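In: Using only what follows, build the 3D model:
(chains A and B)
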Amino acid sequence: MADITKGTKRLSGEAEGSQDSKRVKTNGDKMDAKNPYLAHLEEKPEADFESLLDKLERRNTTAKQAEAVEDSDINPWTGQRHSERYFKILKARRKLPVNKQRQEFLDLYHNNQILVFVGETGSGKTTQIPQYVLYDELPHQTGKLIACTQPRRVAAMSVAQRVADELDVKLGEEVGYSIRFENKTSSKTLLKYMTDGQLLREAMHDRDMSRYSCIILDEAHERTLATDILMALLKQLSERRKDLKIIVMSATLDAQKFQSYFFNAPLLAVPGRTHPVEIFYTPEAERDYVEAAIRTVLQIHACEPEGDILLFLTGEEEIEDACRRISLEVDEMIRESDAGPMSVYPLYGTLPPHQQQRIFEKAPQPFRPGGRPGRKCIVATNIAETSLTIDGIVYVVDPGFSKQKIYNPRTRVESLLVSPISKASAQQRAGRAGRTRPGKCFRLYTEEAFKKELIEQTYPEILRSNLSNTVLELKKLGVEDLVHFDLMDPPAPETMMRALEELNYLACLDDDGELTPLGNLASEFPLDPALAVMLISSPEFYCSNEILSITSLLSVPQIWVRPANARKRADEMKAQFAHPDGDHLTLLNAYHAYKGAEARGEDMKKWCHEHFLSYRHLSSADNVRAQLKKIMETHGIELVSTPFHDKNYYTNIRRALLAGFFMQVAMRESSNSKVYKTVKDEQLVLIHPSTTVTTPYEWVVYNEFVLTTKQYVRTVTNIRPEWLLEIAPVYYDLSTFQKGEIKNALTRVAEKIRRQQAMKASKA
Amino acid sequence: MGLAAAKNKKKIGLDPNNTKWSRNTETFGQRILRAQGWKPGEYLGAKDAPHAEFHTAANAAHIRVVLKEDNLGLGAKRNNGDECTGLDAFQDLLGRLNGKSQETLESERKAREEVKLNLYVMKKLGPMRFVKGGWLVGDQVKATLENESAQENSEDSKEKSPSSESAADASSIGKTEQSNDEEEKGQKKDKKSKKRKAESEPEEESESSREKKKKKKGKREQKDKKRRSDSEGVESESNGVDGSEDRNGSSTIASSVSKDAETGSSSESKKDKKKERKNKKKDKKEKKGKKDKSVSDSGAESGESIPKEKKKTKEKSADAVSSSAPTPTESSVPTPSGSGYSTPVPTGPSRYLARSKFIAQKKMAFTDSTALNQIFMIKS
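Out: Numbers count the residues shown, from 1 in each chain, chains lettered A, B, ... in the order given. Okay, the predicted model is just below:
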């Protein structure tokens, strides 16, 4: 019975979809399929089962009514019987702290357009609040969905799965998710989890967000770039669309900022399920925080009762090193004494997912019954601060540092540097210890340092990023007045200027600051503007296939694997792919080799492992490539290649790189120096040691300018100065250059070109 | 970073902050922003925004960070470990010029010397550990314990292994031994039941200075004691006060560098090694206690500065564990305590280490049935 209903629904949906298809160009090849973006325009067929929901009045339900519906044997959303598992889950759900305040929540929700909700981790807000809204909004009556944004893709996927289980429906039907490059929703979807970036992209095409009747911004305290922009957009939109409800959910208690930003919206706070955490400081500052951290962990292992340890460090290398040392010391401890076993797990963003999963393994058993308990120790970056919940952690060791991305608009360097955390972040870290029982947090700094050296709040991403992509998005979203755009944390004016300037040079903005057709097209790509422009102009250089590959390789993490114990072999393997002219071409070679091996039907995981390449990143680059290709096809960008045996094959690619990266060029300072000077900004840089380029070329184009221990440019390729003048004449207008070697060199080049042209002309 | 520090050459460009760009008012970005009504020095964002009170400097200019090239902990100064000779005298001079009284100067000087001495001993000899043994009242030993927190009690009860108890007895009772036997037993029981312990009051002992002392866990005493005992082994002090003190503290001398021991109790021992320090909060104390406890071979890592030393103690706890099989104990407790082991061997690379390793391996083998089978060549 239910199947038939589905069938008819889909049929009617298709008919509708095809009518609308002309209006929506973006959907390209999906024209004949159902257009999920327009689901709300369809007429919903009447459900053929009697649902208890029909008795409820939209936006006027009570917690009691909703609970009665939840308790019934029949699933109100599908008409099927509830499974046993459903009731088991339901029982657990009723125990969540947030459940006690369901009525209070509904009252506030009914009476206000915007609501700020604070619930500590473990309160159940991410899974429950959207369901409370679901039972109140009754989206199947209006056809308007409920959206809940998450900063991370993994969270969006896993939470959607969980909520589908809780509602006893299939993921992708009533409950779905939508993340970049993956959309698991259908015409039946009522509740949609999505990344904040995804909602932002939808907003570009539907500025009123007319599909949604309620938008929930979860984890707003993380203040990602996309969440910040969404908040500003929703704030504007709330004036235009009075029927749109907005809930801002945060996990930290400093919600006043959110409240005052959203017209003094009312606040609802739900306590988390947390236990007290005892805080310890060191009496004196530490000379070496890594050393101190390792000792603290060992001491905890030796002296403290059962309970797992979470240690925060800053980066992959540091973490792996610490893990190794802790394991060694613990082994020694076990050999020498009656210490319990301890398993040590690293945890950082670039770790493959299956290894990330290992942190959820149980702590090891004692060596013999009644022996000292085993425990696990997780050494993590700050991703364990908010994003992940690991139960069983009782001890937290916090050295007070994390790696943070910082952008300097003056020198245009984006750096990932170790810097002190904020007080808020320190409290979050400590809070991790109290999830299952009272815990302890050992801070490897003095209380005075905590008070004096730490800033109050971590800077939101918008203050730490290059905004050129954001500005392009804002323009596309129809924001005209960038100066008075009401962001919660407006960025530094210089950052904004730099972004505008870059977009202007890339010809994405015209001289009046308006979006150009090129800019419009570039905003369709989920890429940095420079990459997007490079991709769009690549057909002019007859190498769009290759540039497409390079672009996808540049938008995933490093594909090169260089394990500490096999550095030399890894470098040798990399050298096999090396192209003498540059790292971009080396990347391309590796990718071609990868595709070649794949075509031969080799075991790709093994192949990648043998060649010290990251299978995960290569395959995700492959995926990105496919997605970008689709976008290119949709917009009629040709996919062409120069024949491989043509002598201009690589030259064309190198020239095409400049079409997007002409602002990222450096010239060698003097003939026997390793130091390069960036064009215009005149910063002294070195080529990053990871390069495969061995010849000291005069001019290079680089992909990124990073500050680690020194200023480095990474991923460089040799170019010729003539190309600069030819491809980016506006930027390389010599009158705008400061006196110096670069200007002299370019002037000489310009002279030469002129002479050659004169010669040609005279010959002709 | 003295003259001897490693040189770190760095070439810096003419305009590392690119002020040329930021001063240029002709850039496209600046033109657009001005055209939209922005003036230099203003924030971006809505006019008169209610949330503007939350704006910080980061909203006005890009965030500046310091490039961190070392593992220096938060709040640590780079030259923290360096010592400059003669500065002490200079400080005294400055103090006099600032009108400090001779007495305060004297006490400061003393405190400094204590620290020095303590450090020296720590480096040279390594720390000693003691176990609580109760208070000597008149000629009876009583359970100590003022109203210290329940934690301490719990620790005691948890940690004290029988062996440590006896060690405590042996070490601290001294001449009063016999008379106290019974009492002692009672005390053990007490230790096991937290409540009773908590109740038992400090008794007459608690003259004010004494109390303070106790709170400090009698570290000084111990230190003093430890030194002596270094040569003599565990010894019972003839001085009843000291003995009881020890008992209370049951600690190591260790990182005595702690709090405000300066208090009045100079009468007891001159070895006031503690650095003067402001009164710290309770939790701080606890932390310290924890560190203290984990004492051990700071000797191994000599030449470290004070803070390091402290940390060291932590590691040591691990080391100590390995060298002297028994584990130290609960840490978070305010007591410096005692894990129950008397005198850990001053670790060093020595032959003890190899030997203890050997013994440990043997022990392991004996608990492992397959290994035993192999040893006795039994085929299972």
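
In: which residue is nearest the centroid of chain A?
Out: The centroid of chain A falls nearest to A:Arg152 when counting by CA atoms, centre = their mean (6.0 Å).

In: I'd say that residue and A:Asp196 touch.
Out: No. Between A:Arg152 and A:Asp196 there is no contact under CB atoms under 8 Å: 9.3 Å. C-betas here are computed from N, CA, C, even on glycine.

In: quick one, helices of the stretch 451-600 of chain A?
Out: Along the stretch 451-600 of chain A, counting by DSSP state H, counting those that start in this stretch, helices occupy A:468-476, A:493-505, A:517-522, A:529-537, A:544-554, A:567-577, A:583-599.

In: what does the second one contact?
Out: Among residues not part of helix A:493-505, those counted as contacts by CB atoms under 8 Å, 6 or more residues apart in numbering or on different chains are A:407, A:409-410, A:412, A:463, A:466-468, A:470-472, A:482, A:509-511, A:513, A:519, A:529-530, A:662-663, A:728, A:730-731, B:22, B:27-30, B:32-33, B:38, B:40, B:42-44, B:60-62.

In: what's the answer for the fifth one, then?
Out: When contacts are taken as CB under 8 Å, 6+ apart, the neighbours of helix A:544-554 outside the stretch itself are A:527, A:531, A:534-535, A:538, A:541, A:559, A:584, A:587-588, A:591-592, A:621-622, A:624-625, A:628-629, A:632, A:637-641, A:653, A:656-657, A:703, A:715.

In: What values do phi and psi take at A:Val700?
Out: Main-chain dihedrals, A:Val700, degrees, to the nearest 10: phi -140, psi 150.

In: what's the burial count for A:Lys440?
Out: For A:Lys440, the count of nearby residues is 25 (other CB atoms under 10 Å in any protein chain shown).

In: and if you look at the one 10 residues further on?
Out: Taking other CB under 10 Å as the neighbour definition, A:Phe450 ends up with a count of 20.

In: Let me know whether my guess that it is in a helix holds.
Out: Yes. Assigned with DSSP: H, G, I helix; E, B strand; the rest coil, A:Phe450 falls within a helix.

In: so it makes contact with A:Ser425?
Out: No. Counting by CB under 8 Å, no contact exists between A:Phe450 and A:Ser425, whose distance comes to 11.5 Å.

In: which bits of the stretch 51-200 of chain B sit near chain A?
Out: Taking CB under 8 Å from any CB of the partner chain as the contact definition, the stretch 51-200 of chain B meets chain A at B:51, B:53-55, B:58-63, B:65-69, B:71-77, B:80-81.

In: Quick one, which of these are buried?
Out: B:51, B:54-55, B:58-60, B:62-63, B:65, B:71-76, B:80 (16 or more other CB atoms under 10 Å in any protein chain shown).

In: quick one: which of those is nearest to A:Lys647?
Out: B:His62 (45.0 Å; CB to CB).

In: Correct me if wrong: that closest one contacts A:Thr411.
Out: No. Counting by CB under 8 Å, A:Thr411 is not a contact partner of B:His62; they are 9.7 Å apart.

In: Tell me the helix or strand right after the worst-scoring helix or strand of chain A on mean pLDDT.
Out: Across the helices and strands of chain A, mean confidence by mean pLDDT, DSSP states H and E is lowest for helix A:2-20: a mean of 38. Going down the chain from helix A:2-20, the next helix or strand is helix A:63-71, by DSSP states H and E.

In: what does that following helix contact?
Out: A:52-53, A:55-56, A:76, A:90, A:102-103, A:106, A:132, A:135-136.

In: Reformat those residues as JSON lines; add pLDDT.
Out: Formatted as JSON lines, the contacts of helix A:63-71 follow (pLDDT from 0 to 100):
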{"residue": "A:Leu52", "pLDDT": "77"}
{"residue": "A:Leu53", "pLDDT": "80"}
{"residue": "A:Lys55", "pLDDT": "80"}
{"residue": "A:Leu56", "pLDDT": "82"}
{"residue": "A:Pro76", "pLDDT": "88"}
{"residue": "A:Leu90", "pLDDT": "92"}
{"residue": "A:Arg102", "pLDDT": "92"}
{"residue": "A:Gln103", "pLDDT": "93"}
{"residue": "A:Leu106", "pLDDT": "94"}
{"residue": "A:Tyr132", "pLDDT": "94"}
{"residue": "A:Tyr135", "pLDDT": "92"}
{"residue": "A:Asp136", "pLDDT": "91"}
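
In: Format the residues you listed as TSV; extra columns: neighbour count.
Out: Shown next, in TSV, are those (neighbours: other CB atoms under 10 Å in any protein chain shown):
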residue	neighbour count
A:Leu52	16
A:Leu53	19
A:Lys55	11
A:Leu56	20
A:Pro76	22
A:Leu90	16
A:Arg102	21
A:Gln103	14
A:Leu106	21
A:Tyr132	22
A:Tyr135	21
A:Asp136	25
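
In: what's B:Asn59 in contact with, if anything?
Out: Counted by CB under 8 Å, 6+ apart, B:Asn59 has contacts A:463, A:489-492, B:43-45.

In: about what we covered before: among the contacts of helix A:544-554, which are in strands?
Out: A:703, A:715 (DSSP state E).

In: tell me the mean pLDDT for the longest helix along chain B?
Out: Using DSSP state H to define each element, chain B has its longest helix at helix B:102-125. Helix B:102-125 shows a mean pLDDT of 82.

In: Any regions of chain B where pLDDT drops low?
Out: Flagging of chain B using pLDDT under 70 yields the residue ranges B:1-3, B:5, B:8, B:79-85, B:126-132, B:134, B:138-352, B:380.

In: And for the stretch 351-500 of chain A?
Out: A:387-388.

In: can you give me the strands for it?
Out: For the stretch 351-500 of chain A, the strands defined by DSSP state E, counting those that start in this stretch occupy A:375-380, A:393-398, A:401-408, A:413-420, A:439-443.

In: Show me what the fourth one is in contact with.
Out: Put plainly, it is strand A:413-420. Contacts of strand A:413-420 (CB under 8 Å, 6+ apart): A:314-315, A:400-408, A:453-455, A:465-466, A:683, A:704-708, A:711, B:65-68, B:74.

In: change it to 7 Å
Out: By CB atoms under 7 Å, 6 or more residues apart in numbering or on different chains, the residues outside strand A:413-420 that reach it are A:314, A:400-401, A:403-407, A:453-454, A:466, A:704-707, A:711, B:65, B:67-68, B:74.

In: before we move on, the earlier item: which of the contacts of helix A:544-554 are buried?
Out: A:527, A:531, A:534-535, A:538, A:541, A:559, A:584, A:587-588, A:591, A:621-622, A:624-625, A:628-629, A:632, A:637, A:641, A:653, A:656-657, A:703, A:715.

In: centre of the chain versus stretch A:716-728, how much separation?
Out: Stretch A:716-728 has its average C-alpha position 32 Å from the chain's average C-alpha position, going by CA atoms, centre = their mean, to the nearest Å.

In: mind listing what the residue nearest to B:Ala76 when sequence neighbours are not counted touches?
Out: Among residues not flanking B:Ala76 along the chain, A:Ala285 sits closest, at 3.6 Å (CB to CB, 6 or more residues apart in numbering or on different chains). Neighbouring residues of A:Ala285 by CB under 7 Å, 6+ apart: A:445-446, A:449, B:73-76, B:307.

In: tell me the contacts of the closest residue to A:Gly272 other than its chain neighbours?
Out: Spatial nearest neighbour of A:Gly272, chain neighbours left out: A:Glu120 (2.8 Å); criterion: CB to CB, 6+ apart. Going by CB under 7 Å, 6+ apart, A:Glu120 touches A:251, A:271-272, A:274.

In: at 8 Å instead, please
Out: Applying CB under 8 Å, 6+ apart, we find A:Glu120 in contact with A:251, A:253, A:270-272, A:274, A:431.

In: how close does it get to chain B?
Out: Note on A:Glu120: its distance to chain B, by CB to the nearest CB, to the nearest Å, is 21 Å.

In: Quick check: the gap between the residue nearest to the centre of chain A and chain B.
Out: 23 Å.
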